[in-house]
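**Q** sequence below, structure please.
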Amino acid sequence: MKLQRIEQKNLRDHYYLNGHDDCYYLLEYMPGEDFDYSEANQLIPNFKKKRGASGWKYKGQAISKVAEYLEDAIDDLDLAGCTLVPIPPSKIKTNPQYDDRMTQVLNRLNSEGNLDVREIINAIEDRDASHLSGDHRPKLDDLVENYELDLEECEELKSTVVLFDDLITAGAHFKACKQVIQDAFPDIKVIGVFIARRVVPDPFSDFLDGV
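**A** Here you go, the predicted model:
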């Protein structure tokens with residue numbers, strides 16, 4: 001499975017991104033469709049499962065599969081000069097619902113200890129998960145204010161930071177993390193790698209199919 005770059009033509013689906021953002025994804029997730037619609041439509045919900053939810057047993061399998069996919073895909077990237085960083089989840093570390101799924105994936109990728117994996121960004125307060133926020137998605141400025149750098153973890157960062165997350169929707173969390181990093185370290189390049197990108201359905205597709 002190969003990483004694909006989010007190109008100019010797809011920026012309307014991720015309106016916080018612009019042509020200067022360097023972001024990659026593996027799969028495409030279609031909101032509103034069933035599990036059997038695509039690989040991403042099955043994998044992403046299982047990967048995001050909350051503890052105690054029905055189907056919790058599938059979360060571990062999803063984490064393993066994501067690690068497997070990324071292990072194959074990142075061969076296309078030169079990670080020797082990179083620090084790999086998970087984008088923080090919606091809950092802070094002291095919350096019982098804190099979910100370190102992306103950290104688990106990155107630690108599996110680093111099983112031989114040859115990658116620079118660090119949690120350099122922490123959330124200050126709990127927020128609702130974006131995919132559950134409906135029309136009340138967090139604004140970029142609010143996210144920036146809710147993130148803080150762990151300066152001890154930031155010592156001797158590589159020249160490129162690769163931010164990892166499961167699903168890119170509008171792109172606000174990526175942009176907020178990128179801003180927080182580059183405000184402190186303006187010379188560092190920041191790119192994003194995502195398991196999947198959210199596809200916004202074309203409202204005119206059914207009409208055009210019938211023309």
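
**Q** poorly predicted segments of this protein, please.
**A** By pLDDT under 70, the low-scoring segments of the chain are 129-136, 202-211.

**Q** which non-adjacent residue is nearest the most centrally placed residue in it?
**A** For the chain, the residue nearest the mean C-alpha position is D165 (1.7 Å; CA atoms, centre = their mean). Among residues not flanking D165 along the chain, I87 sits closest, at 4.2 Å (CB to CB, 6 or more residues apart in numbering). Heads up, the C-betas are built off the backbone N, CA and C, glycines and all.

**Q** now do the contacts for the one you found.
**A** Applying CB atoms under 8 Å, 6 or more residues apart in numbering, we find I87 in contact with 102, 121, 163-165, 173-174, 177.

**Q** hmm, back to that, so what's the residue nearest to the centre of the chain up against?
**A** 86-87, 102, 173-174, 192, 194-195.

**Q** hang on, the earlier thing: in strands, which of the contacts of I87 appear?
**A** 121, 163-165 (DSSP state E).

**Q** closest to A53 among these?
**A** D165 (20.0 Å; CB to CB).

**Q** one step back: now flag whichever of the contacts of D165 is closest to E153.
**A** Ranked by distance to E153 (CB to CB), the contacts of D165 are led by P86 at 11.8 Å.

**Q** quick one, what contacts the nearest residue to that closest one once chain neighbours are set aside?
**A** Leaving aside its chain neighbours, P86 sits nearest to M102 (3.7 Å; criterion: CB to CB, 6+ apart). M102 makes contact with 86-87, 89, 164-166, according to CB under 8 Å, 6+ apart.

**Q** what about 7 Å?
**A** 86-87, 164-166 (CB atoms under 7 Å, 6 or more residues apart in numbering).

**Q** export these to CSV and tack on distance to N95?
**A** Conversion of these to CSV gives the following (distance: CB to CB, whole Å):
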residue, distance to N95
P86, 16
I87, 17
F164, 21
D165, 18
D166, 18
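
**Q** turn the contacts of I87 into CSV, including distance to A184.
**A** Below are these laid out as CSV (distance: CB to CB, whole Å):
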residue, distance to A184
M102, 21
I121, 11
L163, 15
F164, 19
D165, 20
H173, 18
F174, 17
C177, 12
